[in-house]
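Visitor: sequence first, predicted model second:
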Amino acid sequence: MPVASIIDPKQVHDIIGRHQLADGYDMVLDLEKSYGPWLHDAGRGEDFLDCFTCFASWPLGYNHPGLDEPEFERELLRAAKTNPSNADLYSREMASFVDAFATKVTPEGFDHHFWIAGGSLAVENAVKTAFDWKARRLGRTSFHDDVNDLMIVHFQYAFHGRSGYTLSMTNTLPDKVGLFPKFRWPRISSPGCEFDLDGNICNDVAALEAQALGELEAFRTRCPAGGDKIAAVVIEPIQCEGGDRHFRPEFLQGLRDFCTRADALLCYDEVQTGFFGSGKPWMWQHKGVEPDIVSFGKKAQVCGIYAGKRIDEVEDNVFVRSSRINSTWGSNLVDMVRSRRFIELITEHDYAANTLARGEQILTGLRRIARDTGAFTNVRGVGSLLAVDYPDGDQRNAAIGRCYDERLIVLPCGPKSVRLRFPLNLTEDEANEVLNRFERAAT
Ligand SMILES: Cc1ncc(COP(=O)(O)O)c(C=O)c1O
């Protein structure tokens, strides 16, 4: 078995492909030579400009100098040489992470946290929290009570992951969810905004919102046995995989009001949008409509949920009663140590403000390119979460291929959108380089 350092980069795909599906990028990530937004391909010996960031999961580019700080390195190595079951066995390293996250990332008023590995499982546990809460609100407190009639409202174009419950709420590409048994929970239409090249909403989104909220109310009134069985409404504040679909605050407020009326929890899935990706800790803070539970992952390194006061309306909720939601490792200590360092660096350098500024810079540039070339429309986004629409999927895929030829990595989403997800510490010059390459690849 060869150690990593003596493997010829040209053999990497062959070695991996012998034992698993290896249809990812044709490059080989060089962990030492990659830096900032530049992903070094050990095979070609070339740098790629990274607007992919491992599916929006890598917050500060490669080899940030702040990660070389000796005390952090010692802590990281200590954590990496073990793998404690954090849900039950606590360490100072864990305490330091929990304190940083809860005081610098979680907004005021959300006192409950739960950690796990993987974004799908974060959403899955938001859903479990809501089911337990709703069952108890309905007086079904025995573990032998049947609660199979409870359900989760979700949306067209949603992506919440590929685990059991989340699969039933995901409806992007059929090959992600087809041929797996699913729950039949109410799926509501998704009133996404479209934008002109001045950044104004240009579709009749108010009518779409009214339709979606009407569908939601209809589900409630049609519920069997007169009781209300909706445990939660789950929505991404921007539907990312589904096509970077933005919602107005008015719509989220409509969902908030519905949840209050229906005695259900409003859950935001911020796995992709959270942890400063929008230039604020959480995308929902741009909209000003408070949720009851937020699931997070990706850039945070540690996945999980935070929850607010409505949870406490049920005395025996999952944050109080042992082992209702749990996993062996309760996330991973190495991820916790790295996450804590990222929180420090983001705070110290005010990368949130940088993310907002770079986002505006790239949006302005993309609008100019759209006007000049006519290649794409619907330029939209906030912070590092940017997207444009090509006329159709084929033209979009061709443009992404041309970007790759220009050594710029961007992602598809939805039927015809290109999504850019840049690292939060991107510089002004690097943002201009993103635009140069995107423009050359536009047509
Ligand atoms: C909004 C959202 N929720 C959940 C997930 C699932 O996360 P993971 O792939 O870490 O399970 C993703 C992944 O892209 C996502 O974008």
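Guide: Noted; the coordinates are in hand. Everything numeric here is computed off the predicted structure, so don't read it as measured data. Numbers count the residues shown, from 1 in each chain.

Visitor: correct me, but Cys403 touches Glu439?
Guide: No - the criterion here is C-beta atoms under 8 Å, and Cys403 misses it with Glu439 at 10.4 Å. The way it works is simple: take the backbone N, C-alpha and C, and place the C-beta from them, glycine included.

Visitor: list residues touching both of these two?
Guide: Common contacts of Cys403 and Glu439 (C-beta atoms under 8 Å, 6 or more residues apart in numbering): none found.

Visitor: which one's more surrounded, those two?
Guide: Neighbours per residue, other C-beta atoms under 10 Å: of Cys403 and Glu439, the larger number sits with Cys403, 25 against 17.

Visitor: so where's the protein uncertain?
Guide: Scanning the chain for pLDDT under 70 picks out 224-227.

Visitor: what does it have sitting close to the ligand?
Guide: Residues of the chain found near the ligand (C-beta under 6 Å from any ligand atom) are 55, 118-120, 123, 159-161, 236, 240-241, 269, 271-272, 297.

Visitor: now, of these, which are buried?
Guide: Among the residues of the chain next to the ligand, those classed as buried by 16 or more other C-beta atoms under 10 Å are 118-120, 123, 159-161, 236, 240-241, 269, 271-272, 297.

Visitor: go through those and name the one nearest the ligand.
Guide: Distance to the ligand, by C-beta to the nearest ligand atom, is smallest for Gly119 among those, at 2.3 Å.

Visitor: how about the closest one, what does it touch?
Guide: Gly119 is in contact with 161, 271-272, 295-298, 303, counting by C-beta under 8 Å, 6+ apart.

Visitor: the same query, at a cut-off of 6 Å, please.
Guide: Gly119 is in contact with 161, 271, 297, 303, counting by C-beta atoms under 6 Å, 6 or more residues apart in numbering.

Visitor: for Ala357, helix, strand, or coil?
Guide: Per DSSP: H, G, I helix; E, B strand; the rest coil, the local secondary structure of Ala357 is helix.

Visitor: number of residues surrounding the residue nearest to His246 when sequence neighbours are not counted?
Guide: Spatially, and ignoring its direct neighbours in sequence, His246 is nearest to Cys193 (4.7 Å; C-beta to C-beta, 6 or more residues apart in numbering). For Cys193, the count of nearby residues is 19 (other C-beta under 10 Å).

Visitor: would you confirm that Cys193 contacts Arg245?
Guide: No - Cys193 lies out of contact with Arg245 (C-beta atoms under 6 Å); the separation is 7.6 Å.

Visitor: which SS state does Asn148 fall under?
Guide: Classified using three-state DSSP, Asn148 is coil.

Visitor: how about the contacts made by the residue nearest to the spatial centre of the chain?
Guide: Taking C-alpha atoms, centre = their mean, the centroid of the chain lies closest to Gln272, which sits 1.3 Å from it. Residues in contact with Gln272 (C-beta under 6 Å, 6+ apart) are 56, 240, 298.

Visitor: surely Thr106 is in contact with Tyr306?
Guide: Yes - Thr106 is within contact range of Tyr306, at 4.9 Å (criterion: C-beta under 6 Å).

Visitor: those two: which has the busier surroundings?
Guide: Shown here are Thr106 and Tyr306; by other C-beta under 10 Å, Tyr306 has more neighbours (24 against 19).

Visitor: could you say what helices and strands the helix or strand encompassing the more buried one packs with?
Guide: Element membership for Tyr306, per DSSP states H and E: strand 303-307. Helices and strands touching strand 303-307, by 3 or more C-beta pairs under 6 Å, 6 or more residues apart in numbering; DSSP states H and E, are strand 112-116, helix 119-137, strand 293-296.

Visitor: looking at the ones you listed, which one is packed in the most?
Guide: Sort the helices and strands packed on strand 303-307 by mean neighbour count, taking mean count of other C-beta atoms under 10 Å, and strand 293-296 sits at the top with a mean of 29.

Visitor: alpha carbons of that one, in CSV - could you do that?
Guide: Output in CSV follows, covering the C-alpha atoms of strand 293-296 (Å, rounded to 0.1, in the frame of the first residue of the first chain):
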residue,chain,number,x,y,z
ILE,A,293,-34.8,25.5,14.1
VAL,A,294,-31.8,26.0,11.7
SER,A,295,-29.8,23.2,10.3
PHE,A,296,-26.2,23.8,9.2
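
Visitor: still on that earlier bit, of the contacts of Gly119, which is the nearest to Gly17?
Guide: Nearest to Gly17 among these, counting by C-beta to C-beta, is Gly161 at 26.0 Å.

Visitor: for my notes, confirm that closest one occurs in a strand.
Guide: No - assigned with three-state DSSP, Gly161 falls outside any strand and is coil.

Visitor: excluding chain neighbours, what is closest to Asp228?
Guide: Excluding the flanking residues, the one nearest Asp228 by C-beta to C-beta, 6+ apart is Ala262, at 5.2 Å.

Visitor: sorry, back to before: OK, contacts around the residue nearest to His246?
Guide: Cys193 touches 201, 205, 246, counting by C-beta under 6 Å, 6+ apart.

Visitor: equivalent analysis for Ser85, please.
Guide: Residues near Ser85 by C-beta under 6 Å, 6+ apart: 328-329.

Visitor: and if we set it to 10 Å?
Guide: Counting by C-beta atoms under 10 Å, 6 or more residues apart in numbering, Ser85 makes contact with 326-330, 333.

Visitor: again, but for Gly17
Guide: Gly17 is in contact with Asp23, counting by C-beta under 10 Å, 6+ apart.

Visitor: which residue is the nearest non-sequential neighbour of the residue nearest to the centre of the chain?
Guide: Nearest non-adjacent residue to Gln272, counting by C-beta to C-beta, 6+ apart: Cys240, 4.3 Å away.
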